[in-house]
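**Q** this one's structure only:
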Ligand SMILES: Nc1ncnc2c1ncn2[C@@H]1O[C@H](COP(=O)(O)OP(=O)(O)OP(=O)(O)O)[C@@H](O)[C@H]1O
Ligand SMILES: Nc1ncnc2c1ncn2[C@@H]1O[C@H](COP(=O)(O)OP(=O)(O)OP(=O)(O)O)[C@@H](O)[C@H]1O
Ligand SMILES: [Mg+2]
Ligand SMILES: [Mg+2]
């Protein structure tokens, strides 16, 4: 082999999931030290599957892996990890009841004497790591008390524990805000300089182009092409990804309604948020922006009836509504696409179809009996509407790729035909094509008269979608902008 | 009050016998104006009973009446009671040989003899020839073991024509016993001439199964005559049983205890009689209250 | 805040109940608040206590062991049954049996993937069968009182059995809180996937905990038989339920992932104090059952109230 | 080989029924050694015996699918049996049944309230209730057995000994209840909500479903089916003992888990539960017919239970083995 920097070379990898899914077919890739190798592709293209093969989680159906010049069989993650291959999973893989430090060092605790955990060293090293990554939590916090972005940072911190030779980041930024994102980019650049080989998966093209040296494109489990980042541009990559030009045209927004759907008056929960007042009109898209921990999710949960408020009122259609349970919220026409997909959105053991209809069970029942024809019809309808990629509507939802899972959750709320649709980080982990589709879908829904509240940590998303933007800081509204001329600077100044 | 008597029962409520005993004991206690009783129940659990005796010793009671859940296991704690100067009266079912030197008296039926009586009844009922199945009590419990041993030994020695074709536990439980009998019937069918059940409660379960299978001429012998058993004997569907009154059991235990507290001399072993009962002599006995 | 401090000390709410119960029984029974009675309580709880210690480990893993009650009977029977070969040998044999049957449970859970509930439910029935085969339904008794004298002996005024129990409590607490094995236990119980991804040898780990649990159940059988100077084949029936109750009262979740020895200790003592107190108060046996149940439920109710409070104050 | 994500192996319908295959193998082996075993008389007897545990297990399956436990069914069975037997002589069969059912439903709703609405740990709650109900039973009867001595026992005789199309009534009841409950579990909105609640209660909350109501209902169901079992048992022995249900909770649970329900909730099926109970009962019966001593039977039960479940797992590869 010519290039001395070649560390990992996979050839002709095929991975099938019985009975019929071919997640990867005949994929070959070379990974070099001191380089950032980006992998891109639509949801379900096989990116995560490929990474799991490399990290020993999945056994390939056929194909070989060559690591540091030797053919290796990575039959489990332990072996891969020992050899220096570390995978930071797309789905969080944390132990909720344990502390940050214990999670970062899981399986690698520093010891004194045989088998005893050296807590002092553990917390010292963790403190070093989290200071380096500018995390705003402490090493002794329980992970269950962290927000999802903070959890993601814990996951990322693991990269600094061992000295791995290959680090794979599977969509690390999906739930991060800009601040943390920059920290991560710095980290990756440092690691790269230290000669680590980095594989980086993301749906955000800006990141891909600022970070990577090389880009490999996967489509439908096949390796399309690997290109040097400098020698290509976004349009080419996208074309390789989706096999056609991406239509990024926005649907025209129009707003012919004037009725206020929901109005919040001085909503307060002690120590979480305070004096939140705003209203959303029919046909309006209200964006809510803020840093992690600003309390946006909490406000959404309060509207949805699953967070007790200490004071304040909610008016629906100008009538005082007492929403003290999610059941009542749904009856009042409120829908919430939650931010934590796995924990709050999905019943992993159930099928796609069953997950989709979970929110409208009551209405599709036939004297209490399930109407499976109707369920099937709905699922197929939404499969087309949202272009959801799945082998069979009766497959367990856990077998779908992350982005497709997210689409099902959005679908789950669209079927209820709500008056107010709250979307908390709706396009997290969704590929660029689908994202455009979802954005247009949101615009279309607004045009049809839905009131929409979009919470997002992605500035461009908030700006391009919203008619009006609220900025939250420390649980209070710190700014409001409307009109077509909202700029990133405006928002940045108020957070 | 002059005396405090601590009692720990085996397992009140598990069957009517123990319950009736418990009620009778408490009733009788109220008839002694100078006595205060502390009546505890071990729920059939040895460890719990040991703890209860410990707790009674802690309270410095004047005497302990003990219905042992197990003959062997209670010996050390009885020894401890003796060392603390508290007399122990064993009731209903005796404790081990080795424990004998630490107890002041025993009062109760002789369960081995009861097994023998049952064997005699069975032999008589089958005219010395036939095949029987046996439904025993809860495995491992002294009364169950003794009644089985008395029955088997006596049959083997005195009635060689009657053989036991199988034994299975009925756990003192009527429904379980009924199930066991149903399975016996499936397996042996008309080969069964007799059933020995270690108490009437289980015997009635067997009778239910026999009636349901429409079998005739099976002789059922039980022990501890229950009211249902008494009625069945009278009706002719149940061959015989052994009369044992929980009321006299309780009264006897308390009487002996009082004697000891009053400083009178008592015998060490005080067996009360448990006569056989069949249709022939049933009118000599009252219908049991349980 | 107040609750916060308690949380830092990792004191489980169950200890408040122990306190409340002690205050209550002290004021209602003259015999309760005495050193000798506390000795009794500790001796009485040491059997369930030892079992509960082992169960805590297994349950933190998210497994369960229902065979502990039968294990107690087996170990007691072996200890007494083999005493002819010397007490040291028979105790060794009993402990070995505990470890081996624990390993058997563990291996089956590991290699077949059968739910531990089923595996150990099977073992609960099967080991009981082994006991009856070995003892031929008989109770065994000790040749002399040397063994039971040990059972009631004391060191520096503290009963030997209590010392054994406290020693193992400390040891188990140490393992859980200080060692890698202990940390892995919480991780595996908390998230199988995360532990797998971190490259832990989960199967082996689970098996070790079943072995520890078997060992402690066997030890409980030995200490119990030393109190009785005898063994009975029915020993230990329904011990598993009470041990599990103690563990759950102590804050260990059935689904695994959290738990502490200090909590378990609290659970064990709460049950012990409750039973002892009711014996001293002369409550009629039928009502004991009702009261016991009601108190159990109230304990878990107040426990949840307190936990909510702690969460809020953070 | 280890593949933690490859859980969803979709085998053919036949291969999925590993447990059924195990069951058939078991029947076959016993029939080799015992001529009586597969005779319809014996089969009927065993199924009638299984009906009591089976009927309870049907209700408990709902509780388990919701991710909770019900250990109080054993005591509830004792209480129900004692109550219905005692009232039978006092107020007649049908009123007795009605009163007993009411009483058990009240108990069930206490369980349900504590677990579903107060969110208390179901193990402790139902273990506590086990104790409370046992105490109540003993207090009610003052610890004595109850015997049915009324002249007219036609209703209970019919339940116990009657037949419809030559099939004993307990079996018919068992089958009908099983079918109805399978439909309730698999074919209704309630059942779907229950599976979701057992699978991920948080997601259910975020779907606008009141899972407390669902969980509450499962305890009513288990109380109801336990009530049915109480009638069966009381009519079978024509009386009741205070401790008749002691230990049933574990046997019932064993049947449910054998049937493949997970204690973690979110999975289970009535048909498979019934199969689980039948395996237990046919095993017991077969060993008895072969004349094994009871303690040998216990050891064999141990082996067979584990083997049966393992077969189920091995054949369907539902679960991935640990490393
Ligand atoms: N365990 C599994 N069983 C069956 N199919 C699976 C399994 N895991 C993944 N798949 C399928 O393999 C395909 C590739 O999935 P993968 O998770 O690799 O996609 P991805 O490129 O990472 O997508 P995303 O960007 O949404 O994360 C998808 O069609 C998915 O449904
Ligand atoms: N488990 C918890 N216990 C106590 N306080 C919490 C907990 N989780 C979050 N908070 C607090 O609530 C506030 C908002 O939390 P959160 O991080 O979810 O906000 P957010 O605006 O939704 O952020 P994002 O959506 O970007 O993750 C913060 O002050 C945070 O400290
Ligand atoms: Mg992915
Ligand atoms: Mg948020």
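**A** Received, thanks. Computed from a prediction, not measured in an experiment: that's the story for all the values here. Ligands and ions are numbered 1, 2, ... in the order given.
**Q** what does stretch D:28-39 contact?
**A** Outside stretch D:28-39, the residues within contact range by C-beta atoms under 8 Å, 6 or more residues apart in numbering or on different chains are B:186-187, D:27, D:42, D:282, D:285-286, D:289-290. No exception for glycine: its C-beta is placed from N, CA and C like everyone else's.
**Q** so where is the chain shaky, pLDDT-wise?
**A** Just going to use chain A. A:1-2, A:19, A:248 (pLDDT under 70).
**Q** Can you show me the helices along the stretch 201-323 of chain D?
**A** D:201-205, D:211-237, D:248-258, D:270-289, D:294-316 (DSSP state H, counting those that start in this stretch).
**Q** quick one, what contacts the closest residue to chain A within the stretch 1-150 of chain B?
**A** For the stretch 1-150 of chain B and chain A, the shortest gap (C-beta to the nearest C-beta) falls at residue B:47, measuring 34.1 Å. Residues counted as contacts of residue B:47 (C-beta under 8 Å, 6+ apart) are C:44, C:47, C:224, C:227-228, C:235.
**Q** Please list only the buried members of these.
**A** Buried by 16 or more other C-beta atoms under 10 Å in any protein chain shown: C:44, C:47, C:224, C:227-228, C:235, out of the contacts of residue B:47.
**Q** Kindly reformat these as CSV containing pLDDT and secondary structure.
**A** Below are the buried ones among the contacts of residue B:47 laid out as CSV (pLDDT from 0 to 100; DSSP: H, G, I helix; E, B strand; the rest coil):
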residue, pLDDT, secondary structure
C:44, 83, helix
C:47, 91, helix
C:224, 90, helix
C:227, 85, helix
C:228, 83, helix
C:235, 88, coil
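**Q** if we can go back for a sec, what is the nearest of the contacts of residue B:47 to residue D:302?
**A** Checking the contacts of residue B:47 against residue D:302 by C-beta to C-beta gives residue C:235 as the nearest, at 18.5 Å.
**Q** For the closest one, list the residues it contacts.
**A** Residue C:235 touches B:46-47, B:73, C:72-73, C:76-77, C:221, C:224-225, counting by C-beta under 8 Å, 6+ apart.
**Q** What is the nearest of those to residue A:237?
**A** Within those, the smallest distance to residue A:237 is 67.3 Å, found for residue C:72 (C-beta to C-beta).
**Q** Provide the secondary structure category for residue A:10.
**A** Following DSSP: H, G, I helix; E, B strand; the rest coil, the label given to residue A:10 is strand.
**Q** In the stretch 101-250 of chain A, which residue sits closest to ligand 4?
**A** Of all residues in the stretch 101-250 of chain A, the one sitting closest to ligand 4 is residue A:147 (6.3 Å; C-beta to the ion).
**Q** picking up where we left off before, how about the helices of the stretch 201-323 of chain D, which one is nearest residue C:247?
**A** Residue C:247 lies closest to helix D:248-258 among the helices of the stretch 201-323 of chain D, at 17.3 Å (C-beta to C-beta).
**Q** ok, that closest one near chain B or not?
**A** No - using C-beta under 8 Å from any C-beta of the partner chain, helix D:248-258 stays clear of chain B, coming no nearer than 10.2 Å.
**Q** circling back: what's the helix or strand for the residue of the stretch 1-150 of chain B closest to chain A?
**A** Per DSSP states H and E: residue B:47 is located in helix B:46-58.
**Q** Quickly run through the sheet partners of the next helix or strand after that helix, with directions.
**A** Downstream of helix B:46-58, the first helix or strand assigned by DSSP H and E is strand B:63-66. Strand pairing for strand B:63-66, determined by DSSP bridges: strand B:3-9 (parallel), strand B:88-91 (parallel).
**Q** wait, the residue of the stretch 101-250 of chain A closest to ligand 4 sits on residue A:294?
**A** No - shown here, residue A:147 and residue A:294 do not form a contact pair, counting by C-beta atoms under 8 Å, at 9.9 Å.
**Q** For chain A, what lies in contact range of ligand 1?
**A** Proximity of chain A to ligand 1 (C-beta under 6 Å from any ligand atom) is limited to residues A:17, A:21, A:23, A:41, A:43-49, A:90, A:389, A:399-403, A:431.
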